[in-house]
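Participant: Sequence first, predicted coordinates after that:
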Amino acid sequence: MAKLYFNYSSMNAGKSTMLLQSNHNYLERGMKPQIYTSDLDNRYGSGEIVSRIGLKAKSNTFNTKTDIYKDILNKNDDSVDCVLVDEAQFLTESQVEQLGRIVDELNIPVLAFGIRTDFQGKLFEGSKFLLAWADNLKEIKTVCHCGRKATMVLRVDDEGNIMADGSQIEIGGEERYVSVCRKHFKEKKIA
């Protein structure tokens, strides 16, 4: 029985690496996964998922208007064995519903990977609905500079100063975000 999985964490915990490993596992068994990532993150080129440890794969992209269910339905002549979604925090409520339909109506498992909260501690739309509707939730753990579990992220500017305001979405990696525990998130402290 197919399920909707949501694998979530703060930044730099290995979400993309886990997605790419899952993709490899399906391919190695002669199966056909479909990978999606947000078109917002084009740091490595459009339609490319790249992990910090150097793994990469081509991907379909989605934006707020993409109907992932219809896309899979159009491809599925029994040629889609799994759907993998990177940057799942950028999904809309409607797209999370579409992922549920892929699982429930097409019996195709969906593995979504994303960040739970933004730099202000607020849920992203996609994460909010995945947390509510996924069949299986898995936290991918990483650590704060103090050694505690990092569950939050702080955004920093080009000089390393912690930013308290700004738009929810600003694409970046280690140069822009630092994963911290709740205590250091509240204290706005990165070291």
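Facilitator: Cool, the structure landed. Numbering: from 1, shown residues only.
Participant: now the helix or strand encompassing L19: how far from the chain's centre is it?
Facilitator: Assigned by DSSP states H and E, L19 falls within helix 15-28. Here helix 15-28 is found 13 Å from its chain centre; the criterion is CA atoms, centre = their mean, to the nearest Å.
Participant: what do you get for stretch 58-72?
Facilitator: 14 Å.
Participant: Kindly report the same for stretch 62-74.
Facilitator: 17 Å.
Participant: Contacts for stretch 134-152, please.
Facilitator: 3-15, 18, 103, 112-113, 116-117, 121, 131, 179-185, 190-191 (CB atoms under 8 Å, 6 or more residues apart in numbering). The way it works is simple: take the backbone N, C-alpha and C, and place the C-beta from them, glycine included.
Participant: ok so, going back, tell me what angle the helix or strand following the helix holding L19 forms with helix 15-28.
Facilitator: Where DSSP H and E defines the elements, the next helix or strand beyond helix 15-28 is strand 33-38. Strand 33-38 and helix 15-28 meet at an angle of 160 degrees, taking axes from the mean of the first three to the mean of the last three CA atoms, to 10 degrees as the criterion.
Participant: So which elements touch strand 33-38?
Facilitator: Packing partners of strand 33-38 (3 or more CB pairs under 8 Å, 6 or more residues apart in numbering; DSSP states H and E): helix 15-28, strand 48-50, strand 60-62, helix 68-75, strand 82-85.
Participant: could you redo the last one with a cut-off of 10 Å?
Facilitator: Counting contacts by 3 or more CB pairs under 10 Å, 6 or more residues apart in numbering; DSSP states H and E, strand 33-38 packs against helix 15-28, strand 48-50, strand 56-58, strand 60-62, helix 68-75, strand 82-85, helix 93-106, strand 110-115.
Participant: Return the member of the ones you listed having the minimum mean pLDDT.
Facilitator: Comparing mean pLDDT over the helices and strands packed on strand 33-38, the weakest stretch is strand 48-50, at a mean of 78.
Participant: Pull out the buried positions in it.
Facilitator: The neighbour-count check on strand 48-50 (16 or more other CB atoms under 10 Å) flags 49-50 as buried.
Participant: Partner strands of that strand and their direction?
Facilitator: Strands that pair with strand 48-50, judged by DSSP bridges, come out as strand 56-58 (antiparallel).
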